[in-house]
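3D model of this:
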Amino acid sequence: MKYFVRPDSIVREIWGKADTILFIFAGAAAEFSLNKAVDWLYFTGKLPADPIGRLFSTVGYAKQIIFSEEDKAHAAIDRMRIIHSGVEANRGHVIPDWAYRDVLYMLIHYSITSFELLERKLTQEEKEEILSVFLKVGNRMGIPSLPKTFEEWLDSHEVQLKEDLIKSDFTADLYKQYKKHLGKLRYQVLLKVQSRIAPQKVLDLLALKPSNILPVALCGYKICRRLQLDSMLKSLLLPQKYQPQIAQLNEH
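Numbering: from 1, shown residues only. As a prediction, the model looks like this:
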């Protein structure tokens, strides 16, 4: 049986844990708000109406790709492209290739930074494995001019951050929606997580300074995780109606 991502891949370890996935999308929530193509997410209205629900639907697609046999993963990627084509037809415009590439780069960057914050430093070989997996996704989607090595990706990522991000009215509105749907306490936790995993360009645009409290809090959280009390803490960090989806994040 041929899998899209081999069973012993570091990518499966990263995307097989609810903690890491939630951190990945906390970081992506920051960068999405600044992306020059964020208006596409407003066109359907789904992201501002329910940003957390949108997160879990996106997670579902990502996990389906990472933990599936190759043919099923290809089918999931093809469905994503078809869905986006439908949105393009309704709007009468084409989503630019760089917007797809930017999302791919977010998944690569936050997979690395989230795992390293929560677990341990990754080896160079593991980072290259992460890049390789997401490049397979990008190539299947037909995204052109993708980097071939990790060093090329680092350079390309720096250029992307400089060229494709801007603070706009969409940024302010999305953060307003994050606060509305999370509540004040959970919103503050979101900001602290973002401050430790987002690239410096994102932090500068959002005026976020790296939290000194979060590393200490994570030490306590890891102790709770060893004592199997982490599910209780997760229930405090996201609204109750999303608890079933949180539990499913550990399933694969």
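
In the chain, where is pLDDT below threshold?
224, 227-237, 251-252 (pLDDT under 70).

What about the residue nearest to Lys136 when sequence neighbours are not counted, how many residues nearby?
Of all residues beyond its chain neighbours, the one nearest Lys136 is Phe4 (7.1 Å), with distances taken as CB to CB, 6 or more residues apart in numbering. Bear in mind the C-beta positions are built from the backbone N, C-alpha and C, glycine included. Look at Phe4: counted by other CB atoms under 10 Å, it has 23 neighbours.

check contacts around Phe4.
Residues near Phe4 by CB atoms under 8 Å, 6 or more residues apart in numbering: 65-66, 68-70, 72-74, 136.

Quick check: phi and psi at it.
phi -60, psi -40 (degrees, to the nearest 10).

Would you mind measuring from it to Arg120?
Phe4 sits 25 Å away from Arg120, going by CB to CB, to the nearest Å.

Can you show me the helices along the stretch 101-250 of the chain?
124-141, 150-164, 169-182, 184-197, 200-206, 213-226, 230-237, 243-248 (DSSP state H, counting those that start in this stretch).

for the ones you listed, which one sits closest to Leu47?
Closest to Leu47 of those, according to CB to CB: helix 169-182, at 7.3 Å.

Give me the contact list for that closest one.
Residues from elsewhere that reach helix 169-182 (CB under 8 Å, 6+ apart): 29, 32-34, 38-39, 42, 47-48, 50-52, 187, 190, 205-206, 238-239.

again, only this time at 7 Å
29, 33-34, 38-39, 42, 48, 51-52, 187, 190 (CB atoms under 7 Å, 6 or more residues apart in numbering).

So which of those sit within helices?
Using DSSP state H, the members of those that fall in helices are 29, 33-34, 39, 42, 48, 51-52, 187, 190.

of those, buried ones?
The neighbour count (16 or more other CB atoms under 10 Å) marks 29, 33-34, 48, 51-52, 190 as buried among these.

In TSV, list the residues you listed along with distance to Ile21.
Shown next, in TSV, are those (distance: CB to CB, whole Å):
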residue	distance to Ile21
Ala29	13
Ser33	19
Leu34	21
Pro48	22
Pro51	15
Ile52	13
Leu190	14
